[in-house]
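# got a predicted structure here, sequence first:
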Amino acid sequence: MEQEKAPCCAQESIHEDLIASVERELPEDEVLYDLAELFKMFADSTRVKILYALFESELCVCDIAKVLNLTQSAVSHQLRILKSGKLVKYRRDGKTVFYSLADDHVRSIIDQGMDHISE
């Protein structure tokens with residue numbers, strides 16, 4: 001199946017004023033790289049499921065594994081990635097480690113994504 005090409009201008013014309021305005025506002029490459037890395041965190045459905053589970057309550061690895069019907073090892077691996085992306089945090093309570101969303105930004109990102117795909 002051949003993919004349809006994006007529509008293009010019928011003739012090339014450069015809009016210098018628009019280009020200058022966009023270039024002034026464009027973040028540095030390093031910032032855009034970091035943003036792309038953040039969005040990669042949401043590119044795995046298991047990680048998104050974990051984040052959704054943590055919307056409801058802080059949970060330990062055992063609880064998350066049970067809710068999502070996954071192994072503790074699989075959950076632990078994904079939590080490590082989410083923690084490195086600063087999307088989850090944890091606290092110890094004796095021998096148990098509870099995970100929760102790092103902050104309200106995580107909920108907002110997912111809520112906006114859901115709004116977008118629901119349109």
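Happy to help now that I have it.

# run through who's touching the helix ranked longest in the chain.
In the chain, taking DSSP state H as the definition, the longest helix is helix 104-118. Applying C-beta atoms under 8 Å, 6 or more residues apart in numbering, the external contacts of helix 104-118 come out as 42, 48, 51-52, 55, 87-88, 101. Quick note: C-beta positions are derived from backbone N, CA and C, even for glycine.

# can you tell me the closest non-neighbouring residue to the residue positioned nearest the centre of the chain?
Centroid-nearest residue in the chain: residue 42, 3.3 Å away (criterion: C-alpha atoms, centre = their mean). Nearest residue to residue 42, sequence neighbours excluded (C-beta to C-beta, 6 or more residues apart in numbering): residue 48, at 6.0 Å.

# I'd say the one you found and residue 41 touch.
No: with contact defined as C-beta atoms under 8 Å, residue 48 does not reach residue 41; the gap is 9.0 Å.

# who has more neighbours out of these two?
Between residue 48 and residue 41, counted using other C-beta atoms under 10 Å, the more crowded position is residue 41 (20 against 16).

# out of everything not next to it in sequence, what's closest to the more buried one?
Distances taken as C-beta to C-beta, 6+ apart place residue 85 nearest to residue 41, at 4.3 Å, with adjacent residues excluded.

# what's around the one you found, how many residues?
Neighbours of residue 85 under the rule other C-beta under 10 Å: 17.

# next up, the contacts around it.
For residue 85, the contact set (C-beta under 8 Å, 6+ apart) comprises 37-38, 41.

# quick check on it: phi, psi?
For residue 85, the backbone dihedrals (degrees, to the nearest 10) come out as phi -90, psi 0.

# returning to that earlier point: show me the contacts of residue 85 that map onto helices.
Among those, DSSP H puts 37-38, 41 in helices.

# which one of those is nearest to residue 71?
Distance to residue 71, by C-beta to C-beta, is smallest for residue 41 among the ones in helices among the contacts of residue 85, at 20.5 Å.

# isn't that closest one right next to residue 87, touching?
Yes: the pair residue 41 / residue 87 is scored as a contact, 5.8 Å apart, by C-beta under 8 Å.
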